[in-house]
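> this is a predicted model, with the sequence first.
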Amino acid sequence: MLGDSLIEIARALKVYFEGDAQVSGYQIDSRGVEPGGLFFALKGEKVDGHCYLPEAARRGAVAAVVEKGRVSQAELPLIEVDDPLAALQTLARIGLEHRPAQILGITGSVGKTTAKEFAATLLEKKFSLYKSPGSFNSQRTFPLNLLNRTGQEKLLVLEMGMSLPGEMQRLVSIAAPDLAVITKIALSHVANFPDGLEGIACAKAEIASQAKTGRVILDVDFLQYRTAVELIRAEKITFSTHDRTADYYLSYVDGQYRIDERGVRAHQFDLPFHETHFLHDFTAALAAARQLGMSWEEIEQQTLKLSLPKMRFEQFEWGGMQLINDAYNANPASMRAALENLPSPKEGGKKIAVFGSMQKELGSYSKESHEEIGRLAQKHIDVLFSIGEDAKILNDTFSEAKKPSEHFRSQESLIERLREVMLPGDVILFKGARAMQIEKVVESLCAAAPR
């Protein structure tokens with residue numbers, strides 16, 4: 001709804017508003033407001049957007065959407081509503097109704113951002129498209145995506161996330177996909193789902209709960225969640241990197257990756273990565289591209305343009321060492337994938353892992369999950385450094401292998417010790433939950449010259 005007027009927006013929200021101006025963008029973070037923007041004052045766990053109205057005004061906001069009765073006076077016009085978040089979601093739904101587009105929706109416990117990026121890269125050859133920026137997939141950022149598109153796109157490639165029951169249902173009520181993709185199901189946010197993996201799978205299956213969604217592409221392993229599968233009425237299309245019975249099956253043959261599509265001759269690809277979890281995400285993206293009508297030739301032209309999102313197994317050399325920044329987030333599945341895909345160090349080098357605690361939403365599964373990763377790490381790394389309360393469990397389990405390990409209470413002490421231990425030829429993996437901000441360890445290390 002870029003370019004809409006404040007009066008049109010107020011009318012859509014069924015509230016009274018005097019004055020008019022054109023809106024050039026929508027924002028929920030006052031720091032991102034630009035002249036002509038409309039600011040939504042949302043309440044969060046730690047901050048309240050109503051406290052940032054002066055900053056939004058200074059940055060050029062033409063108005064703010066606020067909770068009715070919360071603000072008596074402000075430096076900018078106010079659109080008062082019962083619930084600013086509900087207003088944001090309502091505007092996104094209405095905007096899509098007025099400027100419709102075909103929608104590819106992607107969800108999953110792990111891999112959804114990478115699969116989304118891969119799919120957008122493949123599909124941009126054929127479609128004028130909009131993709132969700134970064135990992136904007138929440139109850140707040142998902143509708144924001146829709147409002148900030150131009151409205152001229154023919155295809156929307158949207159990442160759809162959830163951490164609580166019912167959240168996926170709210171997203172699809174705003175923008176139901178025509179084609180949906182579900183990547184892996186894993187212990188992510190499991191503390192909020194008493195039924196464990198089955199409960200997570202059922203919640204993810206809600207991406208295909210609207211009648212508009214005619215097809216859903218599933219990791220073939222999803223079929224084990226019988227209750228979730230029964231919830232999906234759409235046509236089911238499977239993909240896999242290990243199960244030949246899938247509709248799209250990726251294998252490695254004679255130095256090239258090969259995709260077998262059910263009923264169609266196999267096709268071979270060169271790919272710019274070899275890690276198993278990225279091959280899985282690529283297969284999901286390719287299946288989506290094929291289902292949306294792309295030819296093998298069009299897809300092949302795009303494969304060499306594929307790149308990984310930031311902080312997803314991001315590899316670079318520094319001071320003769322290979323650093324791997326995989327710090328965006330961590331659950332047992334993503335930790336396992338990182339460990340199993342670590343490259344070999346140079347001769348004489350060692351593998352070092354810098355692990356923060358995994359996400360808090362593991363709940364009662366946390367101790368068992370950290371122990372599991374500690375045992376797996378014994379097989380794949382030589383030295384472990386950990387930080388965070390739950391990561392101490394991982395560290396203690398790893399130390400049973402009598403390999404060097406240390407636990408730290410601060411990033412400063414961790415960085416200082418890393419500087420002492422790292423040597424040219426080493427491979428160092430950095431990974432932890434989003435809240436641990438392990439990427440700051442990488443940034444601090446690289447800010448100084450290698451010793």
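The structure has been received and is ready for your questions. Because the structure is a prediction, the values reported are computed rather than measured. Numbers count the residues shown, from 1 in each chain.
> could you tell me the end-to-end distance of stretch 324-335?
By Cα to Cα, to the nearest Å, the extent of stretch 324-335 from end to end equals 13 Å.
> just the mean pLDDT for it, thanks.
Taken as a whole, stretch 324-335 carries a mean pLDDT of 96.
> could you do stretch 106-117 as well?
97.
> stretch 66-86 too?
Stretch 66-86 comes out with an average pLDDT of 93.
> and K68, what does it touch?
Applying Cβ atoms under 8 Å, 6 or more residues apart in numbering, we find K68 in contact with 80-82. To be clear about C-beta, it is placed using only N, CA and C from the backbone, and glycine gets the same treatment.
> of those residues, which belong to strands?
Judged by DSSP state E, strands contain the following of the contacts of K68: 80-81.
> among the contacts of K68, which ones are buried?
Among the contacts of K68, those classed as buried by 16 or more other Cβ atoms under 10 Å are 80-81.
> dump the contacts of K68 to CSV, plus distance to T303.
Formatted as CSV, the contacts of K68 follow (distance: Cβ to Cβ, whole Å):
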residue, distance to T303
E80, 50
V81, 46
D82, 48
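> closest one of the contacts of K68 to R226?
D82 (40.4 Å; Cβ to Cβ).
> against K68, how distant is the closest one?
6 Å (Cβ to Cβ, to the nearest Å).
> what do you get for I103?
32 Å.
> next one: L6
Using Cβ to Cβ, we find L6 at a distance of 17 Å from K68.
> try R336
Separation of R336 from K68 (Cβ to Cβ) stands at 48 Å.
> what do you get for A74?
Separation of A74 from K68 (Cβ to Cβ): 13 Å.
> what of K43?
Distance of K43 to K68, computed by Cβ to Cβ: 13 Å.
> list the contacts of the helix or strand harbouring L394.
Assigned by DSSP states H and E, L394 falls within helix 391-399. If you take Cβ under 8 Å, 6+ apart as the criterion, helix 391-399 is touched by 355-358, 366-367, 370-371, 373-375, 377-378, 384, 386, 405-407, 432.
> just to check, V383 is in contact with V354?
No - V383 lies out of contact with V354 (Cβ atoms under 8 Å); the separation is 9.4 Å.
> with neighbour numbers in mind, choose between these two.
Neighbour totals were compared for V383 and V354, and V354 leads with 27 against 19 (other Cβ atoms under 10 Å).
> and that one, what's its pLDDT?
If you check V354, the pLDDT there is 98.
> how about the contacts made by it?
Going by Cβ under 8 Å, 6+ apart, V354 touches 385-387, 414, 418, 428-431, 438, 441.
> of the residues you listed, just say which sits nearest to Y248.
Each of the contacts of V354 was scored against Y248 by Cβ to Cβ, and K431 proved nearest at 28.7 Å.
> dig out what the closest one forms beta bridges with.
For K431, the beta-bridge partners are F355 (DSSP bridges).
> other SSEs contacting the helix or strand of the chain with the lowest mean pLDDT?
Of all helical and strand segments in the chain, the minimum by mean pLDDT, DSSP states H and E falls on strand 264-269, at a mean of 89. Where contact means 3 or more Cβ pairs under 8 Å, 6 or more residues apart in numbering; DSSP states H and E, strand 264-269 is packed against strand 256-261, helix 296-303.
> show me where pLDDT drops low in the protein?
1-3, 451 (pLDDT under 70).
> how about a cut-off of 90?
The chain contains residues with pLDDT under 90 at 1-4, 18-20, 44-46, 71-74, 134-135, 253-255, 263-266, 304, 447-451.
> before we move on, back to that, give the buried residues for the helix holding L394.
For helix 391-399, a neighbour-count test (16+ other Cβ under 10 Å) marks 391-395, 397-399 as buried.
> could you export those as CSV, including distance to Y225?
As requested, the buried residues of helix 391-399 are exported to CSV (distance: Cβ to Cβ, whole Å):
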residue, distance to Y225
A391, 29
K392, 33
I393, 28
L394, 27
N395, 33
T397, 29
F398, 31
S399, 36
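> which one of the residues you listed is nearest F239?
L394 (31.4 Å).
> helices of the stretch 351-451 of the chain, start to end?
366-380, 391-399, 411-421, 439-447 (DSSP state H, counting those that start in this stretch).
> of those, which stretch is the most buried?
helix 391-399 (a mean of 21; mean count of other Cβ atoms under 10 Å).
> could you give the angle of it to helix 366-380?
40 degrees (axes from the mean of the first three to the mean of the last three Cα atoms, to 10 degrees).
> ok, G161 - contacts?
By Cβ under 8 Å, 6+ apart, G161 lies in contact with 107, 112, 135, 137-138, 142, 167.
> out of these, who's the most crowded?
For the contacts of G161, neighbours were counted using other Cβ under 10 Å, and T107 has the most, 29 neighbours in all.
> burial of G105, as a residue count?
31.
> any idea how far it is from M162?
For G105, the distance to M162 equals 12 Å [Cβ to Cβ].
> which of the contacts of K68 sits closest to S128?
V81 (32.9 Å).
> Provide the secondary structure category for the spatially closest residue to the closest one that is not a sequence neighbour.
In this structure, V81 finds its nearest non-sequential neighbour in A87, 4.4 Å apart by Cβ to Cβ, 6 or more residues apart in numbering. Of the three states, A87 takes helix according to DSSP: H, G, I helix; E, B strand; the rest coil.
> now do the contacts for A87.
Counting by Cβ under 8 Å, 6+ apart, A87 makes contact with 13, 40, 65, 79, 81.
> the last one against V65, yeah?
When you say that, I think you mean V81. Yes - at 6.0 Å, V81 and V65 qualify as touching, with contact defined as Cβ under 8 Å.
> need the overlap of contacts for the two.
Listed contacts common to V81 and V65 are 13, 87; contacts here mean Cβ under 8 Å, 6+ apart.
> how close does the nearest residue to G425 once chain neighbours are set aside get to I381?
Among residues not flanking G425 along the chain, G349 sits closest, at 3.0 Å (Cβ to Cβ, 6+ apart). Computed as Cβ to Cβ, the G349 to I381 distance reads 12 Å.
> I appreciate the help and will end here.
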